[in-house]
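In: coordinates only, sequence not included:
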């Protein structure tokens, strides 16, 4: 399958500008982000408003973790067998010339999407260089673009540089679970926060929250705006110091 321009992992990226990252999330008043126990009508209303704001932010892509992206998979895994050793360089699918892109971090190469796009948004996976060639063959077969952002661990800063240089991503929406959100926060890569506070008190123990991470210095926020939406939903906008 024909791909787009390749770029070695160790290229000079100093000239690239990091994408502006806006974390776009909704949570209960106590920070829970899984709506399992929320009223269904309220969850549906939130989803509609959330998607409207998502579109209005006009980003070049949205990024989530492996678990979130797995929900969009089309059917059961269909592994492939590689017939060659693939270079550990960016591969752009023929249908991925323009965004917005659906981007996922897949450190252990466990995603089997069976489709090259999500709701029309071309898929891009962020991998490590130790990914098996069989998995790369599967991604190429399915028309899924990929980049490499580390040898065995994901370097988020490198991933953002490559998304900017190889896919033209200037504005990125971070819409993952608490783990990926926490990783971006700890790395100092979030520029802005768009947070919906839902009029629900959850309190369920052990459930994912907006940020889940190991102990690390907190980040100071500067409030940009507060808007009251329908159904008593608050939309908060923060600048990350």
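Out: Noted; the coordinates are in hand. Quick caveat, the model's predicted, so the values are computed rather than measured.

In: so how far is residue 104 from the residue sitting furthest away from the middle of the chain?
Out: Ranked by distance from the centre of the chain (CA atoms, centre = their mean), the top residue is residue 83, with 30.4 Å. Note on residue 83: its distance to residue 104, by CB to CB, to the nearest Å, is 26 Å. Quick note: C-beta positions are derived from backbone N, CA and C, even for glycine.

In: same question for residue 157.
Out: Taking CB to CB, one finds residue 157 at 17 Å from residue 104.

In: leaving out chain neighbours, which residue sits closest to the residue nearest the centre of the chain?
Out: Among the residues of the chain, the one closest to the centroid is residue 63, at 1.4 Å (CA atoms, centre = their mean). When the adjacent residues along the chain are set aside, residue 63 lies closest to residue 103, with 4.2 Å between them (CB to CB, 6 or more residues apart in numbering).

In: then residue 182?
Out: Nearest residue to residue 182 in three dimensions, chain neighbours excluded: residue 213, at 2.9 Å (CB to CB, 6+ apart).

In: for the one you found, helix, strand, or coil?
Out: coil (DSSP: H, G, I helix; E, B strand; the rest coil).

In: ok, it - contacts?
Out: Residue 213 makes contact with 178-179, 182-183, 185-186 under the criterion CB atoms under 8 Å, 6 or more residues apart in numbering.

In: check the offset of stretch 169-176 from the chain's centre.
Out: Going by CA atoms, centre = their mean, to the nearest Å, the spacing between the C-alpha centre of stretch 169-176 and its chain's C-alpha centre is 7 Å.

In: hang on, I meant stretch 230-241
Out: Relative to its chain's centre, stretch 230-241 lies at 20 Å (CA atoms, centre = their mean).

In: which residues does it contact?
Out: In contact with stretch 230-241 (CB under 8 Å, 6+ apart) are residues 42, 45-46, 49, 53, 190-199, 219-229.

In: show me which of the residues you listed are buried.
Out: 42, 45-46, 49, 53, 190-198, 221 (16 or more other CB atoms under 10 Å).

In: can you map out the helices along this structure?
Out: 40-56, 66-70, 133-141, 156-167, 178-186 (DSSP state H).

In: tabulate those (a markdown table), appending mean pLDDT and distance to residue 118.
Out: Listed next are the helices of the chain as a markdown table, based on pLDDT from 0 to 100; distance: least, CB to CB, whole Å:
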| stretch | mean pLDDT | distance to residue 118 |
| --- | --- | --- |
| helix 40-56 | 87 | 13 |
| helix 66-70 | 93 | 8 |
| helix 133-141 | 98 | 14 |
| helix 156-167 | 97 | 15 |
| helix 178-186 | 92 | 16 |
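
In: quick one: those helices as a markdown table, columns for distance to residue 204 too.
Out: Output for those, formatted as a markdown table (distance: least, CB to CB, whole Å):
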| stretch | distance to residue 204 |
| --- | --- |
| helix 40-56 | 15 |
| helix 66-70 | 18 |
| helix 133-141 | 35 |
| helix 156-167 | 29 |
| helix 178-186 | 13 |
